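Provided below for reference: sequence and predicted model.
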Amino acid sequence: AEYTTTGASPDKNKGSNWNNGSPKNNRWFKFTATTDQINIKVNRGGSKGSQYYTQLALWKADGITELDSDRYASTYDNVDLDYTGLIPGNTYYISVDTYNTNASGSFTLCLEDKSVRVPTVITNGRITYRVKKN
């Protein structure tokens, strides 16, 4: 596992889909969007990490305005968040936390840029796609 919530501080806001009253031990990550879509995964279990009750949020550059959030459904779930609407070149933040401080531990964070594909030409039943540029 690459990261940990152990020893982290309860900073800023909690995600709107989180089921606790406030952040507990959240870690923050900063990235610059390269496309308008992103998939964010927090993985745990085995070599991926020991954390459980994982909660995840995506924020604008101010670290206060939430774009989306998600959380575990079952205790040991990985959490996966897809978001469309980023502005390429803009900075965003991700916060990773747990339901309570007892659940803190290590985790692996994976980000995947998603390209928007739009059909441009349909010929003889074949569709040709091009990547949408913003």
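Sure, I can see it. Numbering: from 1, shown residues only.

C-alpha only now, for contacts and for neighbours.
OK.

how about the contacts made by D62?
D62 makes contact with no residue, according to Cα atoms under 8 Å, 6 or more residues apart in numbering.

any idea how far Y72 is from it?
25 Å (Cα to Cα, to the nearest Å).

for the residue nearest in space to the middle of the chain, what are its contacts?
What sits nearest the mean C-alpha location of the chain, by Cα atoms, centre = their mean, is I40, with 3.6 Å. Shown in contact with I40 (Cα under 8 Å, 6+ apart): 80-82, 109-112.

separate out the buried members of these.
Buried members of the contacts of I40, scored by 16 or more other Cα atoms under 10 Å, are 80-82, 109.

how about the secondary structure of the nearest residue to A103 once chain neighbours are set aside?
Distance criterion Cα to Cα, 6 or more residues apart in numbering; nearest residue to A103, sequence neighbours excluded, is Y52 at 5.2 Å. At Y52 the chain is in coil, as set by DSSP: H, G, I helix; E, B strand; the rest coil.

quick one: low-confidence ranges for this structure?
Across the chain, the ranges flagged by pLDDT under 70 are 1, 115-134.

redo that, cut-off 80
Applying pLDDT under 80 to the chain flags residues 1, 114-134.

in it, which spans are strands?
Ranges of strands within the chain are 3-4, 27-32, 37-43, 54-59, 66-71, 79-84, 91-98, 106-114, 117-123, 126-131, based on DSSP state E.

how much space separates the closest residue to D80 other than its chain neighbours from K12?
In space, and not counting its chain neighbours, D80 is closest to K41: 4.4 Å by Cα to Cα, 6+ apart. Between K41 and K12 the distance is 21 Å, computed by Cα to Cα.

show me which of those two is the more surrounded one.
Shown here are K41 and K12; by other Cα atoms under 10 Å, K41 has more neighbours (17 against 12).

any idea what the more buried one is bridged to?
Beta-bridge partners recorded for K41 (DSSP bridges): D80, C110.

identify the residues contacting it.
Shown in contact with K41 (Cα under 8 Å, 6+ apart): 78-81, 109-111.
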